[in-house]
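# I'll drop the sequence and a predicted model, then ask my questions.
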Amino acid sequence: MKKVLQNVQVVNEQSELETVNVAIENGKITAIGADVTLDGAAIIEGNGHLLSPGFVDVHTHLREPGFEHKETIATGTASAAKGGFTTICAMPNTKPVPDSVENMELINGLIKESAVIRVLPYGSLTKDISGEVRTSIEELKAQGAVAFSDDGVGIQLASTMYEQMKEAAKHDVVVVAHCEDNSLIYDGVMHEGTRNVELGLPGIPSICESVQIARDVLLAEAAGARYHVCHVSTKESVRAVRDAKAAGIRVTAEVCPHHLLLEEMDIPSDDANWKMNPPLRAKDDKDSLHAALLDGTIDCIATDHAPHTVEEKCCGMVGAPFGIVGFETAFPLLYTQFVETGKWTLKQLIDWMSVKAAQIFDLPYGTLEVGASADMILIDLNKEQTINAEGFVSKGRNTPFNGWVAKGWPVVTIFEGNIVYQEAE
Ligand SMILES: NC(=O)N[C@@H](CC(=O)O)C(=O)O
Ligand SMILES: [Zn+2]
């Protein structure tokens, strides 16, 4: 039960590296410091790698139950562990949807059976995420729902959102919104801008997202609710969140790695591995997402890991489902593109992927504090590797980043004091 992780480097507030040991007892961190030892402890050699809190991903799709051909809880959590995640929140667009006590129990059972890291399921806001009949937030919270969302679809009726926000406020849980006005999708498959015209594909205008965020922050204000915006992608959305925060409304927001790394003009062809919801937007949208992270308008980074099969993604954007995988590439891509280039500090990136995400939901994870769960990862900042979708642990191969070269790969993942992923020698 006693372990010492020795010879690892932590990044301090000044973004400098310090060499430390970590004592682990009964799955918790009990000491951290240069001279830490523990009598009779098993030694885990850290080889001087970077030690980070295990990442926390508040937006993931595990597909089980119902869509096990795309991913299972076993493959999804193994993929997450490989990417350095130790806590993930699972979205409710499964079959069945976690919209009742019975379905929630079913999903909790599946998680207990096969997850290798911590999976915290969302409860849905409406039955079958169809936007019609409201769920019981009180009952689903009692079954362990981490927060409430109909992710995958937007809540079309303001009154439905408002009523559930009032309930959420009563039970102090966060309402998490995929913002998409169905009347403004226009059967689009990518951003309505320049590239969709060049490719002759129908576009989704930015307002499809931003008008619903603007509506929701006002509803959240009226309901006194805590409101979190999924995968912010447009500059108008950023402005709505920024203004709402300035007005004292309790709103938080996430951004996905792909929206920070890519823009519409990067889409090479009518290839469904570049199709996700929300779509890759224009350069000025991407720039505004970066500014929003840096000024605190956007609180954290979430992958929106959304696996689909090769067959579903084979044949162009029209007809293919939205979504790309994200667990196994998130950190190396962001580290390589934004930390190595000096745009962000290492500390900023780690915080956005761990403690800042956890704080939105009052989760005690994503930190290396004494007393915290020993959820930790070792990262080899010098390891450089070409992304190869064929080698993913996830069942999904749907990524636009295949062939990209990136540095900074997680090599060991420790969950509750136990190694759940270790890089093959
Ligand atoms: N993001 C996506 O493109 N797809 C997600 C749904 C979602 O997160 O909206 C999925 O479940 O496939
Ligand atoms: Zn979504």
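The structure has been received and is ready for your questions. Note that the coordinates shown come from a computational prediction; the quantities given were computed from them, not determined experimentally. Ligands and ions are numbered 1, 2, ... in the order given.

# what segments of the stretch 301-425 of the chain are strands?
376-386, 405-415, 418-422 (DSSP state E, counting those that start in this stretch).

# which SSE is Thr30 in?
Thr30 is part of strand 28-33, with elements assigned from DSSP states H and E.

# pull the distance from stretch 82-91 to the chain's centre.
Distance of stretch 82-91 from the chain centroid (C-alpha atoms, centre = their mean, to the nearest Å) equals 7 Å.

# my bad, stretch 343-358
On C-alpha atoms, centre = their mean, the centre of stretch 343-358 falls 13 Å from that of its chain.

# would you map the strands across the stretch 51-200 of the chain?
55-60, 85-90, 118-121, 148-149, 174-177, 190-191.

# wait, isn't Pro410 in contact with Thr86?
No: judged on C-beta atoms under 8 Å, Pro410 makes no contact with Thr86 at a distance of 10.5 Å. Glycine gets a C-beta too; all of them are placed from N, C-alpha and C.

# longest helix of the chain?
Assignment by DSSP state H gives helix 207-223 as the longest helix of the chain.

# flag every buried residue along that one.
208-221, 223 (16 or more other C-beta atoms under 10 Å).

# then stretch 56-68?
Neighbour counts over stretch 56-68 (16+ other C-beta under 10 Å) mark 56-65, 67 as buried.

# in JSON lines, list these along with pLDDT.
Below are these laid out as JSON lines (pLDDT from 0 to 100):
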{"residue": "Val56", "pLDDT": "99"}
{"residue": "Asp57", "pLDDT": "99"}
{"residue": "Val58", "pLDDT": "99"}
{"residue": "His59", "pLDDT": "99"}
{"residue": "Thr60", "pLDDT": "99"}
{"residue": "His61", "pLDDT": "99"}
{"residue": "Leu62", "pLDDT": "98"}
{"residue": "Arg63", "pLDDT": "98"}
{"residue": "Glu64", "pLDDT": "98"}
{"residue": "Pro65", "pLDDT": "98"}
{"residue": "Phe67", "pLDDT": "98"}
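
# can you list those in JSON lines and add distance to ligand 1?
JSON lines is the format used below for these (distance: C-beta to the nearest ligand atom, whole Å):
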{"residue": "Val56", "distance to ligand 1": "17"}
{"residue": "Asp57", "distance to ligand 1": "12"}
{"residue": "Val58", "distance to ligand 1": "12"}
{"residue": "His59", "distance to ligand 1": "7"}
{"residue": "Thr60", "distance to ligand 1": "9"}
{"residue": "His61", "distance to ligand 1": "4"}
{"residue": "Leu62", "distance to ligand 1": "10"}
{"residue": "Arg63", "distance to ligand 1": "8"}
{"residue": "Glu64", "distance to ligand 1": "13"}
{"residue": "Pro65", "distance to ligand 1": "14"}
{"residue": "Phe67", "distance to ligand 1": "9"}
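
# who does Val174 bridge with?
Arg226 (DSSP bridges).

# and the stretch 301-425 of the chain, which residues reach ligand 1?
The stretch 301-425 of the chain comes close to ligand 1 at residues 304, 306, 321-323, as judged by C-beta under 6 Å from any ligand atom.

# which non-adjacent residue is nearest the most centrally placed residue in the chain?
Centroid-nearest residue in the chain: Ala302, 2.5 Å away (criterion: C-alpha atoms, centre = their mean). Computed as C-beta to C-beta, 6 or more residues apart in numbering, the closest residue to Ala302 that is not its neighbour in sequence is His59, at 3.7 Å.

# residues in contact with that neighbour?
Contact analysis of His59 by C-beta atoms under 8 Å, 6 or more residues apart in numbering lists 89, 91, 151, 230-231, 254, 256, 302-305.

# hang on, Val20 in a strand?
Yes: assessed with DSSP: H, G, I helix; E, B strand; the rest coil, Val20 lies in a strand.

# so how far is ligand 2 from it?
Using C-beta to the ion, to the nearest Å, one gets 38 Å for the distance from Val20 to ligand 2.

# that residue reaches Gly48, doesn't it?
No: assessed by C-beta under 8 Å, Val20 is found out of contact with Gly48, at 11.1 Å.

# any common contacting residues for these two?
In terms of C-beta under 8 Å, 6+ apart, Val20 and Gly48 are both contacted by the residues 8-9.

# who's more crowded, the two?
Val20 (20 against 12; other C-beta atoms under 10 Å).

# which strand residues bridge that one?
According to DSSP bridges, the partner residues bridging Val20 are Val8.

# for it, give me its contacts.
Here Val20 is in contact with 8-10, 32-34, 36, 51 (C-beta under 8 Å, 6+ apart).

# circling back to that earlier point, give me the buried subset of the contacts of His59.
Among those, the ones that count as buried by 16+ other C-beta under 10 Å are 89, 91, 151, 230-231, 254, 256, 302-305.

# circling back to that earlier point, pLDDT score for the residue nearest to the centre of the chain?
pLDDT recorded at Ala302 is 99.

# next one: it from ligand 2, what distance?
From Ala302 to ligand 2 the distance is 10 Å (C-beta to the ion).

# OK, contacts around that residue?
Ala302 touches 57-60, 230-231, 254-256, 357, counting by C-beta under 8 Å, 6+ apart.

# next up, the contacts around Ala74.
If you count contacts by C-beta under 8 Å, 6+ apart, then Ala74 has 114-116 around it.

# dump the residues you listed into CSV; add neighbour count as well.
Converted to CSV, those look like this (neighbours: other C-beta atoms under 10 Å):
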residue, neighbour count
Ser114, 17
Ala115, 22
Val116, 20
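
# give me the residue from the stretch 301-425 of the chain nearest ligand 2.
Here the stretch 301-425 of the chain gets closest to ligand 2 at one residue, Asp304, 6.4 Å apart by C-beta to the ion.

# same question, the stretch 251-400 of the chain
When scored by C-beta to the ion, the stretch 251-400 of the chain has Asn277 as its residue closest to ligand 2, at 6.0 Å.

# from the structure, what's the count of residues near that residue?
Using other C-beta under 10 Å, Asn277 is surrounded by 25 other residues.

# how close does it get to Glu45?
For Asn277, the distance to Glu45 equals 43 Å [C-beta to C-beta, to the nearest Å].

# brilliant, that's me finished.
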